[in-house]
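Trainee: Turn this into a model:
(chains A and B)
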Amino acid sequence: MSDDADAKVSASRSKAASAAPAAGRDVIDCRVGKLYYGNFLAVRDTNIGVKANEITAFIGPSGCGKSTVLRCLNRMNDFVPSFRLEGSVHYQGQDIYAPHIDPVAVRRSIGMVFQQPNPFAMSIYKNVAFGLKLNGFKGDHGQRIEQALRGAALWDEVKDKLHTSGLSLSGGQQQRLCIARAIAVEPELLLMDEPCSALDPIATRRIEELMLELKQKYTIAIVTHNLQQAQRVADRTAFLFVDTSAGGRTGYLIEYRATEQLFSDPKEQRTKEYIRGEFS
Amino acid sequence: MAANPTAADSSLSPAPGQLHRSHRNTRTLVNTGLTVLAFVVSAVAMLPLFSVLYMLVVRGGPLLSGHLFTELTPGAGSEGGGVGNAILGTLVVVVVATLLALPLGFLAAVYLAEYGGESKLAVTVRFAGKVLTGMPSILAGVFAYALVVVTMGHFSALAGGVATGILMVPVVMLTSEQALLMVPSKMKLAALGMGANRSQMVLQIVIPAAMPGILTGVMLALARAMGETAPLLFTALFSDYWFEGKLGEPIASLAVLIYNFSGSPFPNQVNLAWAGSLVLVTSVLVVNVIAQVVTRRQHEN
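Mentor: Numbering: from 1, shown residues only, chains lettered A, B, ... in the order given. The predicted model follows:
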């Protein structure tokens, strides 16, 4: 008994699965020419293609625009009134900044996990079910919720208290709940904005292990200020830096390569300096 | 840590041997004096409330019995009776008022908090709400008189409900707006990030999260509404009979009963006024306490 929404989800999954073997397929291709908040040029000349079933990390000093670029990928920057993009972001064969594109629909197929864990003020069950409800999923909610919680390595800890508030969990558990909530709808792309910076080292480690498992099924883009984390989890790393030459602070892409190569043999001078810790 | 010899000369810290507490020190005396003053003044501030309660218990307490709640208000010169119809009448008026004020105030708050922002309309509505919280309650009565009583041609419970509702709307609106604004924006971003549109975010995430605060606001508005006399004086008027389901008829209420009976030459009616006051104050107190408990439980989450 498969329903419309159910069929759509499994169809897109099998589409992605059949496309995955094509190595280096771009799930999303972000081309920032100029990105403005009002008159402030925040980011320029940053082109990053996030590849399927990989973890792509954005690293760089504060203010280099890594979170801004990440938020371009699911049009979350739209909520800043003065935001303006000169560029394009290609996803599922279209430029999602084209005028006829519905940003709400874009966000339904891209998951996001934020720096501060932000579960809803409702039960664990309802938190994870939220996305399913939003997408009109008609299948067995219970089964999908269990799957998502297992996928987020949270099931064993919460299976006996699914109807208690999500806010009653610890920080690390809340973040895993947010991850479960995001993956319940099996998004094509999962964005994570410094997901571990509010957590202790043990919780951080668990989430990193989780990410490595998740990438078998999902594509992940992560912003992190922790270079060791990028080295531990990312297949590819994009290093952004701040350009103060024109008086302002404009972020731009310096180097984007396979993580191992970026860290062991950086091509650009700035990359070398940053990795060796001369900048914070 | 070795002490720096040159720092000791100009240091402002107490010298060794001078760390012990001194009760004759000016600073300590002033501190103690102000602390005592703060306690005394707080006690004095509570005096009016407790003396009113004490007086009501002493004067109205003797009449507390089953009869008080089940019997009708006695006519002039009659013995016995109770305030049952007044209690029921107050409940009816408050229910009508809440049915009018709650949707109006709540939806206005949703607009102010989630959609209006700082637009001209929102700024004006917020200002109007703040002004109306201090509006003399008799004006609400006058307004309901002109709107309902004159139109219908007679006094009614409905008019009383409208007048009381007008007093409730600003309180419901402003406290609900605050409750909605207190929902953390990170929770809203999470919903938006999942592809909820604005209404879905507001309906499914923001409003449920703000519910305890909204309910508190409604209860505070209720507590105010229960005790207002002026709006009922020439809208709902009074009645010596039970409410029979006809909102188009005048209705009894505790507030008007107290107003009418307290100046009565008949001691029976005066005693009933005291008893009615006790019932009214207790009800207002109970509603306020419930509102406090709900707020506290919300903060513990």
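Trainee: What residue in the stretch 151-300 of chain B comes nearest to chain A?
Mentor: Nearest residue of the stretch 151-300 of chain B to chain A: B:G195, at 3.2 Å (Cβ to the nearest Cβ). C-beta coordinates here come from the backbone N, C-alpha and C atoms, glycine included.
Trainee: What of the stretch 1-150 of chain B?
Mentor: Distances between the stretch 1-150 of chain B and chain A by Cβ to the nearest Cβ are smallest at B:G117, namely 10.2 Å.
Trainee: Next, count neighbours for that residue.
Mentor: Neighbour count of B:G117, defined by other Cβ atoms under 10 Å in any protein chain shown: 11.
Trainee: next one: B:L132
Mentor: Number of residues near B:L132 (other Cβ under 10 Å) recorded here: 17.
Trainee: And for it, nearest residue in space, chain neighbours not counted?
Mentor: In this structure, B:L132 finds its nearest non-sequential neighbour in B:P170, 4.1 Å apart by Cβ to Cβ, 6 or more residues apart in numbering or on different chains.
Trainee: Would you mind listing what in the stretch 1-150 of chain A touches chain B?
Mentor: The stretch 1-150 of chain A comes close to chain B at residues A:74, A:76, A:79, A:104-109, A:111-112, A:114, A:116, A:118-122, A:130-131, A:133-135, as judged by Cβ under 8 Å from any Cβ of the partner chain.
Trainee: Can you turn the buried part of the residues you listed into a ChimeraX selection?
Mentor: This is the ChimeraX syntax for the buried subset of the residues of the stretch 1-150 of chain A next to chain B, where burial follows 16 or more other Cβ atoms under 10 Å in any protein chain shown:
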select /A:74,76,104,106,107,108,109,111,112,114,116,118,119,120,121,122,130,131,134,135
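Trainee: Just the ones of the residues of the stretch 1-150 of chain A next to chain B in helices?
Mentor: Residues of the residues of the stretch 1-150 of chain A next to chain B located in helices (DSSP state H): A:104-108, A:130-131, A:133-134.
Trainee: From the residues you listed, pick the one nearest A:A238.
Mentor: Nearest to A:A238 out of those is A:V106 (Cβ to Cβ; 21.1 Å).
Trainee: Would you agree that closest one is in contact with A:V89?
Mentor: No. The criterion here is Cβ atoms under 8 Å, and A:V106 misses it with A:V89 at 9.1 Å.
Trainee: Report pLDDT for the residue positioned nearest the centre of chain B.
Mentor: When chain B is reduced to its mean C-alpha position, the closest residue under Cα atoms, centre = their mean turns out to be B:L220, at 3.0 Å. Note on B:L220: pLDDT of 89.
Trainee: In the stretch 101-250 of chain A, what residue comes closest to chain B?
Mentor: At 3.2 Å from chain B, A:R108 is the closest residue in the stretch 101-250 of chain A, using Cβ to the nearest Cβ.
Trainee: For that residue, which non-adjacent residue is closest in space?
Mentor: Closest residue in space to A:R108, ignoring its immediate chain neighbours: B:G195 at 3.2 Å, by Cβ to Cβ, 6+ apart.
Trainee: before we move on, back to that, what's near enough to touch the residue of the stretch 101-250 of chain A closest to chain B?
Mentor: Counting by Cβ atoms under 8 Å, 6 or more residues apart in numbering or on different chains, A:R108 touches A:134-135, A:185, B:194-195.
Trainee: switch to 10 Å and redo it
Mentor: Applying Cβ atoms under 10 Å, 6 or more residues apart in numbering or on different chains to A:R108 gives the contacts A:74, A:102, A:131, A:134-135, A:185, A:187, B:194-196.
Trainee: try A:V32
Mentor: When contacts are counted by Cβ under 10 Å, 6+ apart, A:V32 touches A:42-48, A:65, A:68-69, A:72, A:85-89, A:251-253.
Trainee: likewise B:L220?
Mentor: B:168, B:171-172, B:175, B:287-288, B:291-292, B:295.
Trainee: So it: helix, strand or coil?
Mentor: helix (DSSP: H, G, I helix; E, B strand; the rest coil).
Trainee: In strands, which of the contacts of A:V32 fall?
Mentor: Cross-referencing these against strands under DSSP state E gives A:42-48, A:85-89, A:251-253.
Trainee: what number of residues lie near residue 34?
Mentor: This is for chain A. Other residues close to A:K34 by other Cβ under 10 Å number 15.
Trainee: wait, chain B
Mentor: Using other Cβ under 10 Å, B:L34 has 10 other residues around it.
Trainee: Could you measure from it over to B:H23?
Mentor: Here the criterion is Cβ to Cβ, to the nearest Å. By it, B:L34 lies 15 Å from B:H23.
Trainee: Could you say which helix or strand holds A:P81?
Mentor: A:P81 is part of no helix or strand, with elements assigned from DSSP states H and E.
Trainee: That one: what's it in contact with?
Mentor: Applying Cβ under 10 Å, 6+ apart to A:P81 gives the contacts A:37-38.
Trainee: Check B:S239 too.
Mentor: Neighbour list for B:S239: B:72-73, B:85-86, B:89, B:155, B:157, B:249-253, B:256 [criterion: Cβ under 10 Å, 6+ apart].
Trainee: Farthest-apart pair in these, please.
Mentor: Farthest pair in these (Cβ to Cβ) is B:L72 and B:F155. Separation: 18.6 Å.
Trainee: which residues of chain B fall in helices?
Mentor: Secondary structure of chain B (DSSP H): helices at B:5-10, B:26-60, B:66-70, B:84-110, B:120-133, B:137-144, B:150-152, B:157-181, B:185-193, B:198-200, B:207-227, B:230-233, B:254-262, B:267-300.
Trainee: Tell me which of the ones you listed sits nearest to A:T244.
Mentor: Ranking the helices of chain B by proximity to A:T244 (Cβ to Cβ) places helix B:185-193 first, at 29.4 Å.
Trainee: Remind me what the host helix or strand of A:Y274 packs against, helices and strands.
Mentor: Remark: A:Y274 resides in helix A:269-275, with elements defined by DSSP H and E. If contacts are counted by 3 or more Cβ pairs under 10 Å, 6 or more residues apart in numbering or on different chains; DSSP states H and E, helix A:269-275 sits against strand A:55-59, helix A:227-233, strand A:236-243, strand A:250-258, helix A:259-264.
Trainee: Pick the most buried one from these.
Mentor: For these, the largest average neighbour count (mean count of other Cβ atoms under 10 Å in any protein chain shown) is found in strand A:55-59, namely a mean of 27.
Trainee: Can you list the strands that it pairs with?
Mentor: Here strand A:55-59 is paired, per DSSP bridges, with strand A:219-223 (parallel), strand A:236-243 (parallel).
Trainee: Any idea which of the ones you listed gets closest to B:A43?
Mentor: strand A:219-223 (56.6 Å).
Trainee: That closest one: how far from the chain's middle?
Mentor: Here the centre of strand A:219-223 is set off from its chain's centre by 4 Å, with Cα atoms, centre = their mean, to the nearest Å.
Trainee: and if you look at stretch B:211-227?
Mentor: Taking mean C-alpha positions (Cα atoms, centre = their mean), stretch B:211-227 and its chain are 6 Å apart.
Trainee: quick one: buried residues of it?
Mentor: Using 16+ other Cβ under 10 Å as the test for burial, stretch B:211-227 gives B:212-227.
Trainee: what does stretch B:56-69 give?
Mentor: Neighbour counts over stretch B:56-69 (16+ other Cβ under 10 Å) mark B:56, B:59-60, B:63, B:68 as buried.
Trainee: got it, and stretch B:264-281?
Mentor: Of the residues in stretch B:264-281, those buried by neighbour count under the rule 16+ other Cβ under 10 Å are B:268-269, B:271-281.
Trainee: For these, give me a markdown table that also has distance to chain A and pLDDT.
Mentor: Formatted as a markdown table, these follow (distance: Cβ to the nearest Cβ, whole Å; pLDDT from 0 to 100):
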| residue | distance to chain A | pLDDT |
| --- | --- | --- |
| B:N268 | 53 | 89 |
| B:Q269 | 51 | 90 |
| B:N271 | 50 | 90 |
| B:L272 | 47 | 91 |
| B:A273 | 46 | 92 |
| B:W274 | 45 | 93 |
| B:A275 | 44 | 92 |
| B:G276 | 41 | 92 |
| B:S277 | 41 | 93 |
| B:L278 | 39 | 93 |
| B:V279 | 37 | 93 |
| B:L280 | 36 | 93 |
| B:V281 | 35 | 91 |
